[in-house]
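Q: okay, sequence plus prediction incoming.
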Amino acid sequence: MLGMLLLRLWPALRRKPRSLIIHLVLHFTVFSMHHLCSAYLKLEPMFLAGG
């Protein structure tokens with residue numbers, strides 16, 4: 001997964017590193033937000049059931 005991302009981003013890394021960093025930060029933010037949301041959706045019924 002990470003290797004595929006690196007392969008896809010490698011040309012951009014050689015051309016313009018600053019935009020790559022911005023792209024990575026954006027990608028990571030969206031990725032972690034997605035995981036947090038899905039984790040919350042899994043845990044929410046337990047919280048609701050617990051009171």
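A: Received it, and whenever you're ready, just let me know what you need.
Q: for the helix or strand where Phe31 lies, packing partners?
A: Secondary structure assigned from DSSP states H and E places Phe31 in helix 17-50. The contact analysis (3 or more CB pairs under 8 Å, 6 or more residues apart in numbering; DSSP states H and E) places helix 17-50 against helix 2-15. Glycine gets a C-beta too; all of them are placed from N, C-alpha and C.
Q: residues in contact with the helix it packs on: which ones?
A: For helix 2-15, contacts defined as CB atoms under 8 Å, 6 or more residues apart in numbering pick out 19-20, 23-24, 27.
Q: count of residues packed around His23?
A: Neighbours of His23 under the rule other CB atoms under 10 Å: 14.
Q: so how far is Leu36 from it?
A: 20 Å (CB to CB, to the nearest Å).
Q: please apply the same query to Arg18.
A: Look at Arg18 and Leu36: by CB to CB, they are 27 Å apart.
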